[in-house]
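**Student:** structure of the sequence below:
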Amino acid sequence: MPALTLKCFHGSRLTEGPKTMAVAKSRLSKLRLWADALSKRGLCLLLLCATFSWLMGYQLLHESPYHELYGEKSATAADLDLSRALSQKIADLQITLSIYPKARVKIYIVHGEQEYHKLSLGKAEIVEFSDAFYSGADRAIYIRSQDQILENYLKILVHEYIHWYLEELFISAPLWFHEGMATYFSGQMGYERYLMYLRESLINPKSDLFRIGYFYPENKADWPRFYLGSAMAVRYMQDKHQEQWGRFWNIVAAYHHQEQKVRFSEAFANAYHTSLWDFHQDFERYSKRQGYLYLIVAINSLIFAFLAILMPFAARKRRRRMRNMPDLPDLPDISTLSNIPEFTNASATQEPDSEDEKPTDTL
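**Tutor:** You can find the predicted model right below:
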């Protein structure tokens with residue numbers, strides 16, 4: 001019996017042991033989930049408190065019907081001019097798209113590099129290397145001070161405002177549309193970037209805009225191509241499909257008048273009567289054709305470069321030929337010539353005295 005009891009005891013441990021371990025593991029996993037949730041919430045709360053305390057040191061520099069500009073220092077004349085110029089750009093954008101949000105966006109100028117790094121901490125890697133970004137959680141724009149930025153400051157502000165503008169209108173707008181609208185309508189394309197887009201379209205006509213959808217490319221070297229491709233996709237939406245482009249924004253305006261946001265895919269399908277994937281295929285073929293323009297531009301550039309090199313040699317050869325030409329003989333001095341008959345108008349217009357002296361037709 002003792003042996004049997006021992007055997008039964010061990011058998012009981014063998015059968016109930018895995019159940020106990022499974023219960024313990026489930027409880028541990030739940031505890032870990034709660035701990036992770038509390039730690040994340042605690043981190044978010046800590047960041048929120050830090051952001052709130054950081055923003056307490058900012059003061060209102062200027063405001064307009066479209067935005068509020070905040071800074072750590074007192075407003076300067078340059079800040080006021082910048083804010084007025086931004087207000088005019090925003091007004092032009094809203095007139096172009098015929099949608100006028102009532103809300104105003106808050107813009108914070110961050111003077112310290114470490115402060116900006118703290119604000120961008122935990123966001124996408126591309127944000128940490130940027131000059132400005134729009135925070136959807138705070139519904140505010142953060143931008144470095146002008147002494148830290150080499151590019152056009154006003155265009156960067158318009159770029160970030162367009163991100164806020166689209167967030168006020170759309171649900172689940174894809175990233176390529178966000179960046180394309182912001183880059184194209186802020187005027188950040190330029191001729192040099194357009195040539196870069198043509199070159200990239202010739203080298204690699206395949207586009208990943210619609211495949212990656214809501215994420216930035218992992219490779220930093222692909223970021224410029226992503227921005228350019230996004231801007232050209234928006235330009236393709238507008239220039240090549242003008243009627244559909246107008247219908248698209250009319251749908252968005254109708255939802256906005258009802259104080260509602262529209263889902264991007266729904267508005268796109270109703271306006272363009274095609275899917276995003278088919279539109280992507282059309283844009284890819286268009287980009288490939290645009291790539292051949294780069295060859296024409298490159299050939300023309302080579303021709304002009306060759307002419308620029310050839311012209312100095314041609315001018316040098318012409319000067320050498322002019323030096324080798326014989327000099328003209330010197331003209332005689334008029335004062336030394338005494339036997340030259342004097343020519344007068346009277347002798348030229350004198351009529352003949354007789355018929356014999358009349359001139360005859362030599363012909």
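
**Student:** domains of this protein: list them as residue ranges, please.
**Tutor:** 48-168, 171-318 (automatic domain parsing).

**Student:** make a markdown table from those and add mean pLDDT and mean neighbour count to it.
**Tutor:** Placement of C-beta: from N, CA and C, glycine included. Below are the domains of the chain laid out as a markdown table (pLDDT from 0 to 100; neighbours: other C-beta atoms under 10 Å):
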| stretch | mean pLDDT | mean neighbour count |
| --- | --- | --- |
| domain 48-168 | 89 | 16 |
| domain 171-318 | 82 | 16 |
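
**Student:** so for Met325, which of those sits nearest?
**Tutor:** Proximity to Met325 (C-beta to C-beta) singles out domain 171-318 among these, at 11.1 Å.

**Student:** if we can go back for a sec, distance to Pro326 added to the domains of the chain, as JSON lines?
**Tutor:** Below are these laid out as JSON lines (distance: least, C-beta to C-beta, whole Å):
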{"stretch": "domain 48-168", "distance to Pro326": "61"}
{"stretch": "domain 171-318", "distance to Pro326": "17"}
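
**Student:** nearest approach to Asn324 belongs to which of those domains?
**Tutor:** domain 171-318 (10.8 Å).

**Student:** show the contacting residues for Asp222.
**Tutor:** Residues counted as contacts of Asp222 (C-beta atoms under 8 Å, 6 or more residues apart in numbering): none.

**Student:** helices of the chain, start to end?
**Tutor:** For the chain, the helices defined by DSSP state H cover 2-55, 77-97, 113-120, 125-128, 153-167, 175-185, 190-203, 209-212, 223-239, 242-257, 264-272, 276-324, 345-349.

**Student:** got the CA coordinates for the fourth one in CSV?
**Tutor:** Output for helix 125-128, consisting of C-alpha atoms alone and laid out as CSV, is shown next (Å, rounded to 0.1, in the frame of the first residue of the first chain):
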residue,chain,number,x,y,z
GLU,A,125,13.0,57.6,-37.6
ILE,A,126,12.4,60.1,-40.4
VAL,A,127,10.9,62.5,-37.9
GLU,A,128,14.1,62.6,-35.8
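
**Student:** who are the packing partners of that helix?
**Tutor:** helix 113-120 (3 or more C-beta pairs under 8 Å, 6 or more residues apart in numbering; DSSP states H and E).

**Student:** could you list the alpha-carbon positions for the helix it packs on in PDB?
**Tutor:** Output in PDB follows, covering the C-alpha atoms of helix 113-120 (Å, rounded to 0.1, in the frame of the first residue of the first chain):
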ATOM      1  CA  GLU A 113      18.100  71.000 -30.500                       C
ATOM      2  CA  GLN A 114      17.800  68.800 -27.500                       C
ATOM      3  CA  GLU A 115      14.200  70.000 -26.900                       C
ATOM      4  CA  TYR A 116      13.300  69.100 -30.500                       C
ATOM      5  CA  HIS A 117      15.000  65.700 -30.100                       C
ATOM      6  CA  LYS A 118      12.900  65.000 -27.000                       C
ATOM      7  CA  LEU A 119       9.700  65.900 -28.800                       C
ATOM      8  CA  SER A 120      10.500  63.600 -31.700                       C
END
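
**Student:** tell me the spacing between Phe185 and Met232.
**Tutor:** According to C-beta to C-beta, to the nearest Å, Phe185 stands 13 Å off from Met232.

**Student:** cool, Thr96 as well?
**Tutor:** In terms of C-beta to C-beta, Thr96 sits 18 Å off from Met232.

**Student:** likewise for Tyr116?
**Tutor:** Taken as C-beta to C-beta, the span from Tyr116 to Met232 is 30 Å.

**Student:** find the nearest non-adjacent residue to His67, please.
**Tutor:** Excluding the flanking residues, the one nearest His67 by C-beta to C-beta, 6 or more residues apart in numbering is Val105, at 5.0 Å.

**Student:** I'd guessed the one you found sits against His163; true?
**Tutor:** No. Taking contacts as C-beta atoms under 8 Å, Val105 lies outside contact range of His163: 9.5 Å.

**Student:** which residues do those two both contact?
**Tutor:** Contact criterion C-beta under 8 Å, 6+ apart; residues bridging Val105 and His163 by contacting each: Ile141.

**Student:** what sits up against stretch 57-75?
**Tutor:** Contacts of stretch 57-75 (C-beta under 8 Å, 6+ apart): 55, 79-80, 82-84, 86-87, 90-91, 94, 104-109, 111, 161.

**Student:** can you give me the end-to-end span of it?
**Tutor:** 14 Å (C-alpha to C-alpha, to the nearest Å).
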